[in-house]
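Q: compute the structure for the input listed below.
(one chain, ligands or ions: 2)
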Amino acid sequence: MLIKSRQNNQLTENHVTDQGIYRQRRSFITSAAALAGMAAVPQLWLPGNAVAGARLAFKKTGYGQGLKPTSRKHITTYNNFYEFGTSKSAPAANAKSLKPRPWSVAVDGEVEKPGTYALEDILKNQSLEERIYRLRCVEGWSMVIPWVGFPLVDLIKRLKPTSKAKFVEFQTLHDPEQMPGQRRTVLAWPYTEGLRIDEAVHPLTLLAVGLYGEVLPNQNGAPLRLVVPWKYGFKNIKSIVRIRFVEKQPRSSWQAAAPHEYGFYANVNPQVDHPRWSQKTERVIGSFGRRKTELFNGFAEQVAGLYRGMDLKKNY
Ligand SMILES: Nc1nc2c(c(=O)[nH]1)N[C@H]1C(S)=C(S)[C@@H](COP(=O)(O)O)O[C@H]1N2
Ligand SMILES: [Mo]
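A: Ligands and ions are numbered 1, 2, ... in the order given. So this is what the prediction gives:
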């Protein structure tokens with residue numbers, strides 16, 4: 001995959017500083033590892049003041065190797081993030097007011113290690129990887145995004161949910177100062193999503209902190225957002241500040257807004273239409289034409305077992 005380098009006129013002082021320090025630190029890590037006679041472990045470089053555009057260290061994976069990533073331009077300017085307005089261009093235009101650092105995530109509910117975790121602590125010793133996944137929006141379009149993140153299960157294991165934890169609920173920041181779109185009640189804020197616990201610990205499920213090898217731009221859900229590649233885009237909740245382990249199925253913001261249109265499961269399924277439009281095909285952002293939508297967005301082999309015996313038309 002080609003990572004387009006940032007043009008000089010787009011570089012801010014912060015970028016230069018971050019990247020300079022990053023390079024120094026990288027060479028230090030590499031030589032220290034060499035001294036110790038070990039292979040260099042991919043290290044995370046995400047200091048408290050990292051800004052969008054700072055490079056991340058990550059390992060490549062085989063996920064999505066055959067897919068052609070959508071351009072960085074499209075990924076970062078064609079967004080759904082209603083906290084910054086309801087048009088596709090609004091998040092890129094308005095998300096500068098979000099301050100993704102310092103950041104913390106509150107963890108509560110049915111869990112042995114509740115508490116408020118600083119982003120740095122969540123990411124400490126956590127190796128990052130790149131996975132290329134197709135994001136299929138329920139509105140009928142898709143794009144291919146090279147995410148940088150880590151499996152949600154890594155965090156869940158550290159938090160130790162109790163046996164009563166059957167679901168995980170996620171919430172986005174609620175702060176109209178930083179998120180001016182929240183002054184209008186287009187959705188019930190904070191944006192809320194949920195997964196069944198077995199979906200949450202599935203190895204495909206990611207927490208993303210970057211894309212195209214760099215710290216997440218605000219409009220894509222900085223500093224931490226969920227990516228569940230076999231579900232419609234709206235499950236991929238952005239800018240997460242709270243994770244709750246619960247016994248009962250949470251109600252997502254979209255379910256609350258229009259329960260007949262948006263279900264809890266929201267699995268990508270060309271055979272189950274949205275009440276107002278077909279889900280059989282999708283428009284590919286950044287190119288002409290459409291493609292056939294795949295069951296579970298192409299991951300049927302890996303996830304169909306989670307839904308064995310369930311009526312997918314009822315559990316949409
Ligand atoms: N907090 C929050 N998360 C959100 C949304 C939102 O409006 N608010 N939109 C969702 C929808 S509908 C989609 S398609 C994806 C889009 O992610 P992207 O802009 O990074 O491509 O984010 C999802 N996560
Ligand atoms: Mo979406």
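
Q: rest of the way, CA atoms for contacts and neighbours
A: Fine.

Q: need the residues of the stretch 101-250 of the chain near ligand 1, please.
A: Proximity of the stretch 101-250 of the chain to ligand 1 (CA under 6 Å from any ligand atom) is limited to residues Cys137, Thr172, Tyr191, Asn220, Gly233, Phe234, Asn236, Ile237, Lys238.

Q: next up, the contacts around Thr86.
A: Asn80 (CA atoms under 8 Å, 6 or more residues apart in numbering).

Q: please, which helix or strand holds it?
A: Taking DSSP states H and E as the definition, Thr86 sits outside all helices and strands.

Q: where does the stretch 51-200 of the chain dip in pLDDT?
A: In the prediction, the stretch 51-200 of the chain carries no residues with pLDDT under 70.

Q: where do the strands sit along it?
A: 59-60, 104-109, 115-118, 129-136, 141-151, 167-172, 192-196 (DSSP state E, counting those that start in this stretch).

Q: run a quick neighbour tally on the closest residue in space to Trp103 that isn't next to it in sequence.
A: Excluding the flanking residues, the one nearest Trp103 by CA to CA, 6 or more residues apart in numbering is Leu119, at 5.6 Å. If you count neighbours by other CA atoms under 10 Å, Leu119 ends up with 20.

Q: separation between Leu119 and Lys164?
A: Leu119 sits 26 Å away from Lys164, going by CA to CA, to the nearest Å.

Q: equivalent analysis for Ala258, please.
A: From Ala258 to Lys164 the distance is 29 Å (CA to CA).

Q: so who does Trp141 touch?
A: Here Trp141 is in contact with Glu282, Arg283, Val284, Ile285 (CA under 8 Å, 6+ apart).

Q: beta partners of it?
A: Under DSSP bridges, the beta-bridge partners of Trp141 are Arg283.

Q: what parts of this structure come near ligand 2?
A: Within the chain, the positions near ligand 2 by CA under 5 Å from the ion are Cys137, Gly233, Phe234.

Q: which residue is the nearest non-sequential neighbour of Lys164?
A: Glu247 (5.7 Å).

Q: settle this for me: the one you found is touching Lys166, isn't it.
A: Yes: between Glu247 and Lys166 there is a contact under CA atoms under 8 Å: 5.0 Å.

Q: name the residues linked to Tyr133 by a beta bridge.
A: So, taking DSSP bridges as the rule, Tyr133 has Ile145 as bridge partners.

Q: what's the burial count for it?
A: Neighbours of Tyr133 (other CA under 10 Å): 24.

Q: if I look at it, how far off is ligand 1?
A: 11 Å (CA to the nearest ligand atom, to the nearest Å).

Q: how about Asp154?
A: 21 Å.

Q: and Val51, by the same measure?
A: 17 Å.

Q: so what's the residue nearest to Trp103 up against?
A: So Leu119 contacts Pro102, Trp103, Ser104, Val105 (CA under 8 Å, 6+ apart).

Q: now the buried members of the residues you listed.
A: Buried members of the contacts of Leu119, counted by 16 or more other CA atoms under 10 Å: Trp103, Ser104, Val105.

Q: tell me the one of the residues you listed nearest ligand 2?
A: Within the buried ones among the contacts of Leu119, proximity to ligand 2 (CA to the ion) peaks at Val105, which comes in at 23.6 Å.

Q: so what's that closest one up against?
A: Thr116, Tyr117, Ala118, Leu119, Ile240, Val241, Arg242, Ile243.

Q: for it, list each beta-bridge partner.
A: Tyr117.

Q: if we can go back for a sec, quick one, which of the strands of the stretch 51-200 of the chain gets closest to Gly53.
A: Of all those, the one in closest proximity to Gly53, counting by CA to CA, is strand 141-151 (12.6 Å).

Q: what is the orientation angle of that closest one with strand 129-136?
A: Interaxial angle of strand 141-151 relative to strand 129-136 (axes from the mean of the first three to the mean of the last three CA atoms, to 10 degrees): 150 degrees.

Q: one step back: which one of the strands of the stretch 51-200 of the chain lies closest to Asp311?
A: strand 192-196 (16.1 Å).

Q: who does that closest one pair up with?
A: strand 167-172 (antiparallel).

Q: okay, the residues of the chain next to ligand 2 in a markdown table with neighbour count next?
A: Listed next are the residues of the chain next to ligand 2 as a markdown table, based on neighbours: other CA atoms under 10 Å:
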| residue | neighbour count |
| --- | --- |
| Cys137 | 20 |
| Gly233 | 23 |
| Phe234 | 23 |
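
Q: so where do the helices sit in the chain?
A: 13-35, 72-77, 90-94, 119-123, 152-159, 197-200, 253-257, 300-303 (DSSP state H).

Q: any part of the third one near ligand 1?
A: No: Helix 90-94 stays clear of ligand 1 (CA under 6 Å from any ligand atom), getting no nearer than 8.0 Å.

Q: for the residue in the chain positioned nearest to ligand 2, which non-adjacent residue is closest in space?
A: At 4.0 Å from ligand 2, Cys137 is the closest residue in the chain, using CA to the ion. Spatially, and ignoring its direct neighbours in sequence, Cys137 is nearest to Gly233 (4.5 Å; CA to CA, 6+ apart).
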